[in-house]
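Take this sequence and fold it.
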Amino acid sequence: MNEAQTVSALSALAHAQRLRVFRALVIAGPEGLTPSVMAEQLDVARSALSFHLKELTHASLITVEQQGRNLIYRADFSQMNGLLGYLTEHCCRGAVCEVTTSPDFSRSCTSC
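Next up is the predicted model:
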C-alpha cells in the first residue's frame, strides 16, 4: 500500500458511521452482509448507508458482489492488512516486532 492509498483508507474510516460499517463487515467475515442486514444491525437509514458503502468501496476497503437480486458487501482483508502493514512498517526501528494479546484482547508490540 502506498501513501495515497493509505490516506484514502484513513479518510474513509475517519467517520464514525463508516467505521461501524467496516467493523460490521470485518466481523461478518468472508460471507459479508447485504445492505438491508447492515442497516438493521447498525440502525442507519439505507440512503445514508449507501453513501457510506460507496465511500468505503472507493477507498478499496470493501468489495461488492451481486448475488441474484442481492448485493453482498465484504471487507477486503488484504487491503485492511496492507493498511495495518503500512502503519506499522517501521515499528521497532526495523527490528522484528513481537505482538502479544493481553487478557482484554488488546494487542501491543513487545519489542518497542
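
alpha carbons only for contacts and neighbour counts from here, please
Will do.

OK, contacts around the residue most central in space within the chain?
Centroid-nearest residue in the chain, with CA atoms, centre = their mean: Phe22, separated by 4.5 Å. By CA atoms under 8 Å, 6 or more residues apart in numbering, the contact set of Phe22 is 13, 56, 61-62, 75.

Looking at these, which are in strands?
Counting by DSSP state E, these place 62, 75 in strands.

Could you list every helix and strand in contact with whichever strand or helix holds Ile72?
Ile72 is part of strand 70-75 when elements are defined by DSSP states H and E. Here strand 70-75 touches helix 16-28, helix 35-42, strand 62-67, going by 3 or more CA pairs under 8 Å, 6 or more residues apart in numbering; DSSP states H and E.

let's go with 6 Å and repeat that
The contact analysis (3 or more CA pairs under 6 Å, 6 or more residues apart in numbering; DSSP states H and E) places strand 70-75 against helix 16-28, strand 62-67.

Which one of the ones you listed lies nearest to Ala48?
helix 16-28 (9.2 Å; CA to CA).

re earlier: I'd like to know which of the helices and strands packed on strand 70-75 lies nearest to His90.
helix 16-28 (25.0 Å).

CA-only coordinates of the closest one, as CSV, when you get a sec.
The C-alpha trace of helix 16-28 is given here as CSV (Å, rounded to 0.1, in the frame of the first residue of the first chain):
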residue,chain,number,x,y,z
ALA,A,16,-17.9,7.1,12.9
GLN,A,17,-20.7,5.5,10.8
ARG,A,18,-18.2,4.3,8.1
LEU,A,19,-16.0,2.8,10.8
ARG,A,20,-19.0,1.0,12.3
VAL,A,21,-19.9,-0.3,8.8
PHE,A,22,-16.4,-1.5,8.2
ARG,A,23,-16.2,-3.2,11.6
ALA,A,24,-19.5,-4.9,11.0
LEU,A,25,-18.1,-6.3,7.7
VAL,A,26,-14.9,-7.4,9.3
ILE,A,27,-17.0,-9.3,12.0
ALA,A,28,-19.2,-10.8,9.2
